[in-house]
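[1] Return atomic coordinates for the entry below.
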Amino acid sequence: MRFSQPYTLKQIATIIGAKYVGDENFPVFGMNEIHVVQMGDIVFVDHPKYYDKALESRATVILINKEVECPKGKALLISDDPFRDFNKLTQYFKPFERATATIAPTATIGEHTIIQPGVFIGNHVTIGKHCVIHPNVSIYDHCEIGDFVTIHAGTVLGADAFYYKKRANGYDKLKSGGRVVIEDNVDLGALCTIDRGVTADTTIKKGTKIDNHVHIGHDTVVGERCLIASQTGIAGCVVIEDDVTIWGQVGMTSGITIGKKAVILAQSGVSKSLEGGHTYFGYPAGEAREKYKEMTALKQLISAEKKSD
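    Have a look, this model is predicted:
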């Protein structure tokens, strides 16, 4: 998330009530999670395991719960609870804005786009030309939709990220201030759900076609010309490169990359990154030919044991 204008380190520290280390006029341009952080951004870290990763990241301001040596050219915000204070910043810079109409007056809708009855379009949404939005679609605030996009009934774009921190008395939610971006010539089936990014974008790139009942988690990027079949569940922060085919009921863990032109067969469970150009099957997903060889060998072993009995 980039701010509408630069802020100083002191101004940010005042917003969240934190100590700071560095020049009080040190410029701050935005805030992001570590996997999408840019120079000028704030990143938060609250576990010693990830201190070095945050301090060595592209972020130039680190919101941290320990007084450490400040890297050259960077600044620190010292907080007893960085998770809480990151939420404060999201609330400050991207507060929830109540809807006042079914189609917000701040929404922009392109020429020749058809909006069917019952569609909700939130604040500051942009929809391009020649789109068809079918009944009962909900498009939350700040979503961006390109040209020649079709979205079928009941799909929801821009719900909050499924991201929680366990506390002694329950779970604290990390607030979402990102967007969903749907590029040109994308088709979305009925009853799909695509969550917005925590601070950045969840993106479906041009030419991709998604079946009914598909879920895509926060900050995931789906490449160009991908095919995703029904009942697939894709966790947050996944990168799916161009021309990937994913068949029905595939599940994917967070933070992985699926390489270009990979094919994942139905009901596979993907627990790690997969190279492009191969076909995968099973759980944990592996190259399909090897998986089928394993299954054949297992059947032969069982058959041999039965004969020996």
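[2] CA atoms for contacts and neighbours, from now on please.
    OK.
[3] At which residues are the helices of the stretch 51-200 of the chain located?
    Secondary structure of the stretch 51-200 of the chain (DSSP state H, counting those that start in this stretch): helices at 51-55, 82-93.
[4] Quick check: which of those helices is nearest to Gly177?
    Proximity to Gly177, assessed across the helices of the stretch 51-200 of the chain by CA to CA, is greatest for helix 82-93 (6.0 Å).
[5] In the chain, where is pLDDT below threshold?
    In the predicted model, the chain carries pLDDT under 70 at residues 309.
[6] how is it carved up into domains?
    The record's domain parsing of the chain by automatic domain parsing lists 2-93, 108-289.
[7] Run the chain-centre distance for the last one.
    Averaged C-alpha coordinates place domain 108-289 at 8 Å from its chain's average position (CA atoms, centre = their mean, to the nearest Å).
[8] got it, and the first one?
    With CA atoms, centre = their mean as the basis, domain 2-93 stands 21 Å off its chain's centre.
[9] Between the two ends of that domain, how far is it?
    End-to-end distance for domain 2-93, by CA to CA, to the nearest Å: 9 Å.
[10] could the helices of the stretch 51-200 of the chain be laid out in a markdown table, adding distance to Thr253?
    What follows is these, written out as a markdown table (distance: least, CA to CA, whole Å):
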| stretch | distance to Thr253 |
| --- | --- |
| helix 51-55 | 21 |
| helix 82-93 | 23 |
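[11] got the contact list for the spatially most central residue of the chain?
    For the chain, the residue sitting closest to the mean C-alpha position, by CA atoms, centre = their mean, is Asp219 at 1.7 Å. Each residue near Asp219 by CA atoms under 8 Å, 6 or more residues apart in numbering is listed here: Asp195, Arg196, Gly197, Val198, Ala200, Asp201, Thr202, Thr203, Gly236, Cys237, Val238.
[12] would you list these in CSV and tack on neighbour count and distance to Phe83?
    What follows is these, written out as CSV (neighbours: other CA atoms under 10 Å; distance: CA to CA, whole Å):
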residue, neighbour count, distance to Phe83
Asp195, 28, 20
Arg196, 32, 19
Gly197, 29, 16
Val198, 24, 13
Ala200, 23, 17
Asp201, 24, 20
Thr202, 29, 21
Thr203, 24, 25
Gly236, 25, 18
Cys237, 21, 18
Val238, 23, 22
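[13] any idea which of those residues is the one closest to Val28?
    Ala200 (16.3 Å).
[14] thinking again about what came up before, any chance of the helices of the stretch 51-200 of the chain in a markdown table, plus mean neighbour count and distance to Leu191?
    Below are the helices of the stretch 51-200 of the chain laid out as a markdown table (neighbours: other CA atoms under 10 Å; distance: least, CA to CA, whole Å):
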| stretch | mean neighbour count | distance to Leu191 |
| --- | --- | --- |
| helix 51-55 | 18 | 37 |
| helix 82-93 | 19 | 28 |
